[in-house]
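Chemist: Model the structure of this input:
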Amino acid sequence: ALLIAVQAVQIYTVQDTWFVMSILQAINSFFYQVLSLAAYAYLPEIKQAVGEVTMATYSSQFYAWMFASQIAYLVAITAVSFVLEIGDVVTAHIGQAVDVAWSGPFYLLAFYFFTKQAAMRKLPEGRSLTFEGFRQVLSTSKGIFQHYPKTLGFFLLGILFGEAAANSFTVVAVTFLVEYDYNTTETGIVILILLVFCTVGTFVASFSMRKLGSPAKSMQLQLIMFIIVNFVVFPLIPKVKVLVYLAGALWGLMLGWFYPTELQLYASLMPKGQEAELAGFYLYCTQVLGWLPPLIFTIMNENDVELYWGGVHLNIYFFIALVFYSFLPPWEECISITEGENQMVKTRKERESVLISSKNNNGVEDNDAN
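Modeler: Alright, predicted model coming up:
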C-alpha cells in the first residue's frame, strides 16, 4: 500500500516538486526492495512444490509477461503522446498515472496470494532486535562459506558480477548510442526491439534449461554467447550504423535468456529454512556492484577512449561470473546438497541448545548452592 501511495503522489511531479519527489523515489526504492524480498522468499518453496521442470517454465513465463507488459506500456504511452500532441511533462503525468492504475491492483493481488508463514525463529532471550539482524547476517555469511561454498557461495559470487553487467547494460547501451549520434527516435526503436527480443529470450531460457538439464549449464552457455555478441557488435556499430537494430535484437535475446535462468538457479540452490534471509542475500548481491560498470564506462568516455571499448568492457564482469558458475558442481550434486538438511540451521540449533543447557546447568548449580 505504501509503494502504491508513493507512486500515486509522484503523478504530480513538476519543476517545483522535483526535489521532494526525488526523496520519495528513494523511499519508494526501499519499499520496492522490501516487497521484492517477500516475493523472492516464496520461490524456493514453490520450486520444491512444483518441481524443477515446472519451475523453469514459471521463471521464463514470469519474465515473458514482465517484458510484454513493458512493451505494451511503452507503446501505449508513446501513442497517447503522439496522438494528443502533448509535452513531456504531461506525458510523464499520464505515464505515472497509468503505472499506478495498472501495477497497483497486481501488487494487492500478489499479497492476497502470499500465504502466511510462521516465524522461522524467535528472538533469543537477552538479545536486542536492533542488533540481532546484523549478528544473524554475519552468522549466515560464515555458514554459507562453511557449509555451501561450492553451491550457494559460487552462485552468489556469480550474481555479484553477472548482475553488475546486466543491470548496467541499458544505461551503457543508451549512452553509447547517444555518443555515436543516434537520435531519440532511433534509440527508442532500438530499445523497443530489445524489449521484444527480451520476451523471445525468455523462451530460449526455458528451452535451454530443459534441453541441457541444468540451469547452471544454460547460464554458462548464455554468458559465453553474451560475451561473443558484445565483442562483435560494439566495435561494428560505429562503422555500420544500421547494424544497431540487429544488435538490439541480439542484446534482447541475451538479457531475456539471462534473467529467468538466474531466477531458476536461485530457486534451486537456496537451502530450506532460511528463505527470507537468503532472499535478502540474493537481492543484495544483485545490487551491490551495480555502480561499478557505469563508473568505468564514464571514466573511459571522459578520457576519450573509443566508446565501443566501454561497451566491450562489460564482458569482464560476464567472464568473472562465468568462472564462478563454472565452479558449480554437477547439477545433480547441487540439488542433492540443497535438498538435504540445512546445515546452517542445524548448527544454529545445536549452538542454541548448548547455551540453553549451559544456562539450565548453571541454574541447577545455583539452587544446589543455596
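Chemist: which secondary structure element contains residue 20?
Modeler: Following DSSP states H and E, one finds residue 20 within helix 18-41.
Chemist: Can you list the helices and strands that the following helix or strand past that helix packs against?
Modeler: Where DSSP H and E defines the elements, the next helix or strand beyond helix 18-41 is helix 43-50. Contact partners of helix 43-50 among helices and strands, from 3 or more Cβ pairs under 8 Å, 6 or more residues apart in numbering; DSSP states H and E: helix 52-84, helix 243-269, helix 275-287. (C-beta placed from N, C-alpha, C; glycine too.)
Chemist: Please work out which residues outside helix 43-50 touch it.
Modeler: 55, 58, 263, 266, 267, 268, 270, 272, 275, 278, 279, 339 (Cβ atoms under 8 Å, 6 or more residues apart in numbering).
Chemist: Just the buried residues from these, in PyMOL please.
Modeler: In PyMOL, selecting the buried portion of these, with burial taken from 16 or more other Cβ atoms under 10 Å, looks like this:
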select buried, resi 55+58+263+266+267+268+270+275+278+279
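Chemist: one step back: what mean pLDDT does the helix holding residue 20 have?
Modeler: Over the span of helix 18-41, the pLDDT mean works out to 85.
Chemist: packing partners for that helix?
Modeler: Counting contacts by 3+ Cβ pairs under 8 Å, 6+ apart, helix 18-41 packs against helix 2-9, helix 275-287.
Chemist: Okay, buried residues for that helix please.
Modeler: Buried residues in helix 18-41, defined by neighbour count with 16+ other Cβ under 10 Å: 21, 24, 28, 31, 35, 37, 40, 41.
Chemist: What are the buried residues along stretch 130-137?
Modeler: The neighbour-count check on stretch 130-137 (16+ other Cβ under 10 Å) flags residue 136 as buried.
Chemist: So what's the gap between that stretch and the chain middle?
Modeler: Centroid separation for stretch 130-137 versus its chain: 24 Å, with Cα atoms, centre = their mean, to the nearest Å.
Chemist: for stretch 181-201, same thing?
Modeler: Mean-position distance between stretch 181-201 and its chain equals 21 Å (Cα atoms, centre = their mean).
Chemist: With stretch 65-81 instead?
Modeler: Relative to the chain's own centre, stretch 65-81 is displaced by 21 Å; criterion: Cα atoms, centre = their mean.
Chemist: Let's test this: mean pLDDT of it, rounded?
Modeler: The average pLDDT within stretch 65-81 is 89.
Chemist: Mind listing what's buried along it?
Modeler: Going by 16+ other Cβ under 10 Å, stretch 65-81 has these buried residues: 66, 67, 70, 71, 73, 77, 81.
Chemist: that older thread, with the contacts of helix 43-50 in mind, which one is nearest to residue 215?
Modeler: Residue 215 lies nearest to residue 268 out of the contacts of helix 43-50, by Cβ to Cβ, at 6.6 Å.
Chemist: do you know how far that closest one is from residue 143?
Modeler: 19 Å (Cβ to Cβ, to the nearest Å).
Chemist: How about residue 55?
Modeler: Plainly put, residue 55 is 25 Å away from residue 143 if you go by Cβ to Cβ.
Chemist: do the same with residue 80
Modeler: For residue 80, the distance to residue 143 (Cβ to Cβ) stands at 52 Å.
Chemist: same deal with residue 333?
Modeler: Residue 333 is 19 Å from residue 143, by Cβ to Cβ.
Chemist: Let me see the contact set for the residue nearest to residue 275 when sequence neighbours are not counted.
Modeler: Leaving out its chain neighbours, the residue that sits closest to residue 275 by Cβ to Cβ, 6 or more residues apart in numbering is residue 41, at 4.4 Å. Counting by Cβ under 8 Å, 6+ apart, residue 41 touches 275, 276, 279.
Chemist: Among the residues you listed, which one lies nearest to residue 169?
Modeler: Relative to residue 169, and with distances defined as Cβ to Cβ, the nearest of the contacts of residue 41 is residue 279, at 23.6 Å.
Chemist: If I follow the layout properly, the closest one ends up in contact with residue 40?
Modeler: Yes - using Cβ atoms under 8 Å, residue 279 is in contact with residue 40, at 4.0 Å.
Chemist: Could you check how far residue 312 is from residue 230?
Modeler: 6 Å.
Chemist: Those two: who's more crowded?
Modeler: When residue 312 and residue 230 are compared for neighbours, residue 230 comes out ahead with 23 against 17, by other Cβ atoms under 10 Å.
Chemist: would you turn the buried residues of helix 18-41 into TSV with distance to residue 297?
Modeler: Formatted as TSV, the buried residues of helix 18-41 follow (distance: Cβ to Cβ, whole Å):
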residue	distance to residue 297
21	27
24	28
28	26
31	29
35	30
37	29
40	29
41	33
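Chemist: Just flag the most distant two among the residues you listed.
Modeler: 21 and 41 (30.1 Å).
Chemist: Much appreciated, bye for now.
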